[in-house]
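got a predicted structure here, sequence first:
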Amino acid sequence: MSDGAAAKREINLIFLIIAFAAVDATVAIPSLWPYIHSLGGDQFLYGFAGAATNGIQIFSLPLFGWLSDKLSRKSILLAGHLIMVLGGTLYGLAGSLGPGNAALTCIIVARMLIGLAA
């Protein structure tokens with residue numbers, strides 16, 4: 001396979017990951033407060049959930065950048081994509097646990113996974 005075709009596939013993968021990140025920003029972020037509130041969370045937990053995503057990114061972005069230099073970029077992008085899908089799925093399923101600490105913890109972990117993958 002030519003280098004041009006491989007580069008095009010990598011660019012398409014990057015666009016796909018960016019599209020999923022945009023969905024996260026347009027769906028999950030606006031729904032975060034009502035979701036946390038409906039499960040018994042307070043404003044502190046809402047702030048913590050939002051900060052958890054960005055806090056993890058501070059550490060994960062340089063780490064994944066370094067890893068993509070050492071390993072293949074494609075494998076790191078694919079791993080990030082899979083982690084983001086796992087985080088989004090966990091975020092969606094948290095409500096099925098019912099109100100309480102388990103669901104709220106699930107939301108925090110989901111937001112951390114999405115921050116890790118971003």
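Here it is on my side, so go on.

nearest spatial neighbour of A118, chain-adjacent residues omitted?
What sits nearest to A118 in space, not counting adjacent residues and going by C-beta to C-beta, 6 or more residues apart in numbering, is Q57, at 5.5 Å. All C-beta atoms are positioned from the backbone trio N, CA, C, and that covers glycine.

just checking, next helix/strand downstream of the worst-scoring helix or strand of the chain on mean pLDDT?
The weakest-scoring helix or strand in the chain, judged by mean pLDDT, DSSP states H and E, is helix 3-23 (a mean of 77). Moving toward the C-terminus from helix 3-23, the next helix or strand (DSSP states H and E) is helix 29-38.

helices or strands next to the top helix by length along the chain in the packing?
With secondary structure taken from DSSP state H, the chain has its longest helix at helix 43-70. Under the contact criterion of 3 or more C-beta pairs under 8 Å, 6 or more residues apart in numbering; DSSP states H and E, helix 43-70 touches helix 29-38, helix 73-93, helix 101-117.

low-confidence ranges in this protein?
1-2 (pLDDT under 70).

and A110, how many neighbours?
23 (other C-beta atoms under 10 Å).

which residues sit in contact with it?
Applying C-beta atoms under 8 Å, 6 or more residues apart in numbering, we find A110 in contact with 87-88, 90-91, 94.
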